[in-house]
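K.L.:
quick one, structure for this:
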Amino acid sequence: MPDTMHLVDPALRPMLEMWPTIALNAETLIDMRNRSLPTPPIDATGTTLERRHVPGPIGAPDITLHIYKPEDAEGPLPAIYHIHGGGYVGGAASQLEVFHRPLVRALNCVLVSVDYRLAPEHVFPAAIEDCYAGLRWTIEHAATLGIDTSRLGVMGESAGGGLAAALALLVRDRGDYTLAFQHLTYPMIDDRTCAGDQHPHTGEFIWTPHNNHFGWQALLGAEPGGADVSPYAAAARATDLRSLPPTYIMTGALDLFLEEDMDYARRLIRAGVPTELHVYPGGFHGFDIFPGSAASTAAQASRMAALARALA
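P.N.:
Now for the predicted structure:
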């Protein structure tokens, strides 16, 4: 494991004490799922939240959607379809309420966040099909929800960014709907990162190569890095990136996903997809969640500006 503490933004180092890295295995996965992030109190001012249980994929259980709106919203409004992170093995939409309500207030938009089935209990394609089913329900009920479907895009962080990228591919290939954008924050999109040479300065903090291997193996139900991994599981496996929606990608220079994210951005640009890429020095996985550093402040500002443009 590299020693990269000297490269961490000094203002971010206290976050590593509050959010220590856990080495994932079958036992510690329970602790990871039960762990709460040290976040500020939820401010519900000016927003509403409705939880709806909607049909999942054929033959699968219902899924839960968390639907946030501005109070007294006059639609149709632009919308974000959000997918939470957690390495494909953890996380929940409810954990991000503290971030979603301010987003809805600031952007005057609807935000729909989906709970999908987690690995290893449910392997691919359970999660992505849940995400597609939730998106289908959202679009089919757009008039009731007050959503302008011409300004609806997908957003996610980490594994949620990976699912958002995979969902954009699936939507393009099935041809039933059109997305206005994909907004990907340090997306987990390439299982081959487990099998290749590791970047010498990434992956020491929060999400490590060990955890990455655990997450991908859990999702795939097989060893990562094989020849037959679907692009709807690992979006970087897609050979054709044409006709995807305009894309925003953000990551930190110390994030394990740095090179897979930069390469995906490069390939999107070569495919003619309008793409914006931001890499923040001194930033590890999840660095942007907590304020107090120039890097996190800049990341949050660029994210909001990009979303405002995408929703316009």
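K.L.:
quick one: the strands in the protein, in order.
P.N.:
47-54, 63-70, 77-83, 110-115, 147-157, 182-185, 247-252, 275-280 (DSSP state E).
K.L.:
rebuild the ones you listed as TSV, extending it with mean neighbour count.
P.N.:
From N, CA and C alone the C-beta is placed, and that goes for glycine too. Supplementary listing: these in TSV, determined by neighbours: other C-beta atoms under 10 Å:
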stretch	mean neighbour count
strand 47-54	15
strand 63-70	21
strand 77-83	26
strand 110-115	26
strand 147-157	22
strand 182-185	28
strand 247-252	27
strand 275-280	19
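K.L.:
so for residue 197, which of these sits nearest?
P.N.:
strand 247-252 (18.4 Å; C-beta to C-beta).
K.L.:
tell me the strands beside the closest one, with direction?
P.N.:
Using DSSP bridges, strand 247-252 pairs in its sheet with strand 182-185 (parallel), strand 275-280 (parallel).
K.L.:
and residue 228, which of those strands is closest to it?
P.N.:
strand 182-185 (24.1 Å).
K.L.:
how far out from the middle of the chain is that closest one?
P.N.:
7 Å (C-alpha atoms, centre = their mean, to the nearest Å).
K.L.:
and that strand, C-alpha only, in CSV?
P.N.:
Coordinates of each C-alpha in strand 182-185 appear next as CSV, following Å, rounded to 0.1, in the frame of the first residue of the first chain:
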residue,chain,number,x,y,z
GLN,A,182,-25.1,12.0,-16.7
HIS,A,183,-23.4,13.5,-13.6
LEU,A,184,-20.8,11.1,-12.3
THR,A,185,-18.8,11.7,-9.0
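K.L.:
residues touching it, excluding its own?
P.N.:
With contact meaning C-beta atoms under 8 Å, 6 or more residues apart in numbering, strand 182-185 is reached by 80, 153-158, 161, 164-165, 168, 244-251, 261, 288, 303, 306-307, 310.
K.L.:
tell me the mean pLDDT for that strand?
P.N.:
For strand 182-185, the mean pLDDT works out to 98.
K.L.:
before we move on, what about stretch 197-210?
P.N.:
93.
K.L.:
what's the answer for stretch 295-311, then?
P.N.:
Averaged across stretch 295-311, the pLDDT comes to 96.
K.L.:
quick check: closest non-adjacent residue to residue 276.
P.N.:
residue 248 (4.8 Å; C-beta to C-beta, 6 or more residues apart in numbering).
K.L.:
quick check, that neighbour in contact with residue 305.
P.N.:
No: look at residue 248 against residue 305 with C-beta atoms under 8 Å: they stay out of range, at 9.6 Å.
K.L.:
list the contacts for residue 213?
P.N.:
Counting by C-beta under 8 Å, 6+ apart, residue 213 makes contact with 194, 224.
K.L.:
how close does it get to residue 273?
P.N.:
29 Å (C-beta to C-beta, to the nearest Å).
K.L.:
same deal with residue 93?
P.N.:
On the measure of C-beta to C-beta, residue 93 and residue 273 end up 27 Å apart.
K.L.:
neighbour count for these two, which is higher?
P.N.:
residue 93 (21 against 18; other C-beta atoms under 10 Å).
K.L.:
pull up the per-residue confidence for that one.
P.N.:
On the pLDDT scale, residue 93 gets 97.
K.L.:
over to residue 221?
P.N.:
At residue 221, pLDDT is 97.
K.L.:
tell me the contacts of it?
P.N.:
119, 120, 123, 124.
K.L.:
that one and residue 132, how far apart?
P.N.:
19 Å.
K.L.:
on that earlier part again, farthest-apart pair in the contacts of residue 221, please.
P.N.:
So, those by C-beta to C-beta: farthest apart are 120 and 124, at 10.8 Å.
K.L.:
more neighbours: the two, which one.
P.N.:
residue 124 (21 against 16).
K.L.:
contact partners for the closest residue to the more buried one other than its chain neighbours?
P.N.:
Spatially, and ignoring its direct neighbours in sequence, residue 124 is nearest to residue 233 (4.4 Å; C-beta to C-beta, 6+ apart). Contacts for residue 233 (C-beta under 8 Å, 6+ apart) come out as 124, 125, 128, 166, 191, 219, 220.
K.L.:
try residue 223
P.N.:
residue 217.
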